[in-house]
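how would this look folded up:
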Amino acid sequence: MKHVLIILMLILSTIAQAQSHYSKVKTRISDDNQTLMIQIDVTKHGRDIHFKQAFDVSNLNGLQIDLLKYRVFASQGLIVPIHEMKRLMSAGVGVIMLIGLAIAFLIVRKQTKKGPQPNSEKQLQIT
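Here you go, the predicted structure:
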C-alpha cells in the first residue's frame, strides 16, 4: 500500500511540474452526447495558443470520448484535467487490479502445487 501511495505522489508531482511551464491555462469542455466541444487557451512563455474544435461523438462510447480528450490535450502538449478522465482512469485501475489478482492467483497456485515442505531439521525427542 505504501508503494502505491508513493507512485501516486510521483505521478501527481510530475503532472504539477508539467503544468507549471504554462503561466495560464484555460480549458472548456462541453459534451451533449452528440458533439464534444473542446476549447483550450494557453499562455506559454508569453505566447498565446488557442485551440477550439468540435467533434461528433454520437457513435462513441464514454471510454472512446475520454481517449479523444486525451489525444486533443496531448496534441497541445497538455495533460487532461483528472476530473475529465473518469472512465479512462477507471479502466486503467481495473486493468491494474486484474493484473494484481492474476499474479496473486499464480503465486497461490504455485505454493499449493509444491505441497508441504519436509522439515530439514531433526527434532529432538526427550523421553
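
ranking helices and strands of this structure by mean pLDDT, which lands last?
Taking mean pLDDT, DSSP states H and E as the measure, the chain has helix 2-19 as its least confident helix or strand, at a mean of 70.

next helix or strand past it?
Later in the chain than helix 2-19, the nearest helix or strand by DSSP states H and E is strand 24-31.

what pairs with that following strand, parallel or antiparallel?
Its sheet considered, strand 24-31 pairs with strand 35-44 (antiparallel) by DSSP bridges.

low-confidence regions, this structure specifically.
1, 15-23, 115-127 (pLDDT under 70).

spatially central residue in it, please.
Centroid check for the chain by Cα atoms, centre = their mean gives Met89 as the closest residue, at 4.6 Å.

secondary structure element for that residue?
Going by DSSP H and E, Met89 is part of helix 86-114.

got the angle for that helix vs helix 2-19?
If you take axes from the mean of the first three to the mean of the last three Cα atoms, to 10 degrees, helix 86-114 sits at 150 degrees to helix 2-19.

packing partners for helix 86-114?
Here helix 86-114 touches helix 62-75, going by 3 or more Cβ pairs under 8 Å, 6 or more residues apart in numbering; DSSP states H and E. To be clear about C-beta, it is placed using only N, CA and C from the backbone, and glycine gets the same treatment.
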